[in-house]
Structures are given as structure tokens and as C-alpha cells.
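A.B. asks: Structure, please.
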Amino acid sequence: MNILFIHQNYPGQYREIVPTLAAMGGHRVVFLTQRTGLPQATGHMIGVYKSAHKPAPNAWKYSAWFEESIGNAIGVGNACKLLKQNGFEPDIVTGHANWGELLYVKDIWPNAPLLGYFEYYFIAKGGLIGFDPEFREAGDIGPRLFANNAINHLSFERCDYGITATEWQKSTHPASMRDKLAVIHEGIRTDRLIPDHDSEFVVEFPAAKFARGEEIVTYVARNLEPARGFHTMMRSLPRLQALRPQARVAIVGGDEVSYGFKLAAGETFRGWLTRELGDSVDWSRVHFLGQIPYEKLIALLKLARCHVYLTAPFVPSWSFLESMALEKTIVASDVGPIREIMSDGETGLLVDFFQPTQLAERIADVLAHETNYRMIGNAARKRILSDYDFKAVTFPRLKALVNNWLPQQIRF
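C.D. replies: Next up is the predicted model:
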């Protein structure tokens, strides 16, 4: 089977399925991305497309997203034409639908089934925007988000079918779109995420090292920002350190902003909160590790006695589900996307996103009674195995969905 993947940030949500298909044999896998300088991967071809247009820095904010998305669409279309000229005819095309990349694929291959990944429908209420009163967006954010959704709707019309990762993400889409959206998560490789509560080893970073037996608390986000509750995590530190004087907090994430509210140019949330907390925190026991290699992240999580995952109502991070797979006792924010995956007192511990004292006390209790909470970690892994395991659950679901469209001779 010839399969074309499209995602501006390779591999994106296809980090497991692309190498799996390539390793199966019998498939020709091509991936179009904007990322440059990538080494050619084993078993599949990576092609780079160049956006045909970028909005000017002073572009009207209501149309800038549309401009950029159409630039992506034209760029992908040009790359697809070149693939076609070189003899590539996909049996199926799949890609991310939110950035316009799929809009002109059907113009090149009108008969190829097109499966869109619909990650998020922009909503002004009930999601990330407007959730935290401390960080208020501009008053016109609602109309701007509504305008951005034009790309979602255009992509939806071009796709034969769509998928999204969670029921909560599906619920953000209008009712008119939901019948053509299947909920299939990208999947977690539980076969590679083996819990380890006993092995003695050290994970070392330039400024800190961590070993078994310490009271290690982990917090992980792509970037340290309010959308992922970084401010609540930081503000929990004085109370946590008063309750657990030996606790060490390992904070993983960069200093940019991926989602939502941004500070003035040159400011970071880490710097702002560090200044706010001042000497109320013993900073020698708080370790900012930046963005770290995946292998070191997993090793660090294995050492953690408690993992913290905070988020506004938004797309759940992979690190959250990976921590569950590692049987970690997780303290997480009590919001809809998390409640879909985690049950309070059964597979994790839920706290009010806006209550740093409550967060600190929950973490401290886990640190003080680690073995008492072990059953929660065990149940968390079972939850991932039953509903999010890539090999046993999500990949078979995706194959079944796709095989419904394809002629029998070219099915998975």
C-alpha cells in the first residue's frame, strides 16, 4: 500500500504509526513536513514542503491564521504534484487538518481516501481560553477563534473521515461534524514503558542528578506556562517544602509559550514566578531541567515518587499517559479532559487547578505514604493497557476504520 502522511512538524501525532507501517513491509510510506535537515528514516521517505505564503507581521489578526493555512495548503499541493509527476499514487492520505495542509490534496488525487486528524476546534468558552481569570485574553478573542475555525470547516469538507484523540476533543467540535469523527488516540507504547520501582540507578543532568530512594516530584510540560498549570505548580512549592523538607522537584520544559496567554517580549513565566516567590522557596531543591531527551525523561519518571500533571481544559499531553503507564501516582488537575482518562482515588488524584495549597498537600501525602498509593499506580497502568495501548488497542482500531474504505486487495 502507498501511504502519504502530512504534518508540518514531523512526526507529530504519527510518531508510532509511521515506523510501525514501515517495519511491516509491503507499504511505501511517504511523509511531507516543513521540517528541514531531518535524516532519512529507515523504511519511509521524508519530503519537505515549503509554505507558499506567510502573513506579514502586521497582518490583520482576524485573517492571519487563514493566510498562513492557505500558504501551507499551496505548499503541500505543490509537493503532491511533484510526487505525482514522479509516479507516486497514494492509496490513502492522512494528515493534520488544523493548519490547512490537506485542503488541496483532493485536487491532485481525487480518488484517494483522505483521513484528517482534527486535534482541536477553537472554542472561546469551556476550553483553554477564558479558563484562568488571572490571564485574560483580549476582548475580541472569541471572534478571532471563530474566524480561525474556517480552516477546520474547509478541511472537514475535503476529508472523507476524521479522527481525534479523546471524547473531550471531539466534543469541542460542532454537532454537525461529530458523526464523521472517530475517537482514536495516537497510542502509548506500553511495551517500552515498563514500570520499575526497585532498580538502583542515577539520572544525571548538568545541574542535578537523581537517584532511587529520594523524594522526587516530577512536573513535565513542553513549555512552562499557565495553560499547563505551571503557575499553580510553582505556587505550591512553599507549602510542599514546609511539609516535606527532603522533597526535590524536577521541572521539565522550555521557557517559550505553546498555548494561550503570553507575557511581554523577553519575559518568561519561570522568571516571573521565581521573582514572585523569592526566598519563600528553597531553590536548591527545585531543578529546572529544560527540554530533555525522551530516554532521560522516562528514566526520571521511573525514579519519581509522585508525578504532577496540571492542565487547563485542553489536549492531554503524552507525558501524562506515559506516566500512568509507568505506574506513577499522579496528582492532576480536575478538568474534563483529565477526568475522561483518570478517576480520582482510583487511577490518580485530582485537585483543583487553582488551589496550590491543595496541590502541595496531596503531593506531600503521596511522598509520606508511597506504598499506600501503589495500588493507584497499578490501576493507572491497567487503564492505559485497556484503552490506550498502541499495539493492542489504538492501532487495531485505526486499521479497522481505514479498512472499511479500502478495496480488499490493498487493506492493512
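
A.B. asks: Domain map for this structure?
C.D. replies: By the assignment in automatic domain parsing, the chain contains the domains 2-187+390-410, 202-387.

A.B. asks: would you list every one of the helices in the stretch 1-150 of the chain?
C.D. replies: For the stretch 1-150 of the chain, applying DSSP state H, counting those that start in this stretch gives helices covering 17-24, 64-85, 105-108, 141-158.

A.B. asks: want to throw those into CSV with distance to A124 and mean pLDDT?
C.D. replies: Bear in mind the C-beta positions are built from the backbone N, C-alpha and C, glycine included. Below are these laid out as CSV (distance: least, C-beta to C-beta, whole Å; pLDDT from 0 to 100):
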stretch, distance to A124, mean pLDDT
helix 17-24, 33, 94
helix 64-85, 15, 98
helix 105-108, 30, 98
helix 141-158, 4, 94
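
A.B. asks: Tell me which of those helices lies nearest to V202.
C.D. replies: Evaluated over these, closeness to V202 peaks at helix 17-24, with 29.9 Å, by C-beta to C-beta.

A.B. asks: for that closest one, which positions count as buried?
C.D. replies: If you call a residue buried by 16 or more other C-beta atoms under 10 Å, then helix 17-24 has these buried ones: 17-22.

A.B. asks: Columns distance to E267 on top of the helices of the stretch 1-150 of the chain, output as TSV?
C.D. replies: Output for the helices of the stretch 1-150 of the chain, formatted as TSV (distance: least, C-beta to C-beta, whole Å):
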stretch	distance to E267
helix 17-24	37
helix 64-85	23
helix 105-108	40
helix 141-158	20
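
A.B. asks: residue contacts, N72?
C.D. replies: Going by C-beta atoms under 8 Å, 6 or more residues apart in numbering, N72 touches 8, 34, 51-52, 99-101.

A.B. asks: Mind doing that once more with 7 Å?
C.D. replies: Residues near N72 by C-beta atoms under 7 Å, 6 or more residues apart in numbering: 8, 51, 99-101.

A.B. asks: what residue ranges in the stretch 1-150 of the chain are flagged as low confidence?
C.D. replies: Scanning the stretch 1-150 of the chain for pLDDT under 70 picks out nothing.

A.B. asks: all strands of it, in order?
C.D. replies: In the stretch 1-150 of the chain, the strands defined using DSSP state E, counting those that start in this stretch lie at 2-6, 28-33, 44-48, 92-96, 114-117.

A.B. asks: same deal with the stretch 301-412 of the chain?
C.D. replies: Going by DSSP E, counting those that start in this stretch, the stretch 301-412 of the chain shows strands at 306-309, 330-333, 349-351.

A.B. asks: still on that earlier bit, for ChimeraX, write the select line for the buried members of the contacts of N72.
C.D. replies: Remark: buried members of these, expressed as a ChimeraX selection using 16+ other C-beta under 10 Å:
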select :8,51,99,100,101
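
A.B. asks: Next, format the contacts of N72 as a markdown table and append distance to P110.
C.D. replies: Formatted as a markdown table, the contacts of N72 follow (distance: C-beta to C-beta, whole Å):
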| residue | distance to P110 |
| --- | --- |
| Q8 | 23 |
| S51 | 24 |
| W99 | 22 |
| G100 | 19 |
| E101 | 17 |
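
A.B. asks: out of the contacts of N72, which one sits closest to H287?
C.D. replies: H287 has its nearest neighbour among those in Q8, at 32.5 Å by C-beta to C-beta.

A.B. asks: roughly how far apart are the residue nearest to that closest one when sequence neighbours are not counted and I163?
C.D. replies: Nearest residue to Q8, sequence neighbours excluded (C-beta to C-beta, 6 or more residues apart in numbering): Q34, at 4.3 Å. Using C-beta to C-beta, to the nearest Å, one gets 22 Å for the distance from Q34 to I163.

A.B. asks: same deal with M24?
C.D. replies: In terms of C-beta to C-beta, M24 sits 20 Å off from I163.

A.B. asks: now do E276
C.D. replies: From E276 over to I163 the distance is 41 Å, taken as C-beta to C-beta.

A.B. asks: out of these two, which sits in the busier spot?
C.D. replies: Neighbours were counted for E276 and for I163 using other C-beta atoms under 10 Å; I163 has more, 26 against 12.

A.B. asks: if I've got this straight, the more buried one is in a strand?
C.D. replies: Yes. Judged by DSSP: H, G, I helix; E, B strand; the rest coil, I163 forms part of a strand.

A.B. asks: how long is stretch 243-252 end to end?
C.D. replies: 23 Å (C-alpha to C-alpha, to the nearest Å).

A.B. asks: burial count for L406?
C.D. replies: L406 - counted by other C-beta under 10 Å - has 14 other residues nearby.

A.B. asks: That one and V217: what is the separation?
C.D. replies: For L406 relative to V217 (C-beta to C-beta), the value is 48 Å.

A.B. asks: Same check on I188?
C.D. replies: Going from I188 to V217 by C-beta to C-beta gives 22 Å.

A.B. asks: The two: which is more packed in?
C.D. replies: V217 (27 against 24).

A.B. asks: what's across from that one in the sheet?
C.D. replies: Beta bridges link V217 to V249, C306 when assigned by DSSP bridges.

A.B. asks: Count the neighbours of the nearest residue to E200 once chain neighbours are set aside for me.
C.D. replies: Spatially, and ignoring its direct neighbours in sequence, E200 is nearest to R212 (5.0 Å; C-beta to C-beta, 6+ apart). Neighbour count for R212, taken as other C-beta under 10 Å: 16.

A.B. asks: got it, and V202?
C.D. replies: 10.

A.B. asks: Next one, pLDDT for it please.
C.D. replies: At V202 the predicted local confidence, pLDDT, stands at 96.

A.B. asks: if I pick it, what's in contact with it?
C.D. replies: Counting by C-beta under 7 Å, 6+ apart, V202 has contacts 209-211.

A.B. asks: Distance to A250, neighbour count and pLDDT added to the residues you listed, as a markdown table?
C.D. replies: Formatted as a markdown table, these follow (distance: C-beta to C-beta, whole Å; neighbours: other C-beta atoms under 10 Å; pLDDT from 0 to 100):
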| residue | distance to A250 | neighbour count | pLDDT |
| --- | --- | --- | --- |
| K209 | 10 | 11 | 97 |
| F210 | 6 | 20 | 98 |
| A211 | 12 | 12 | 97 |
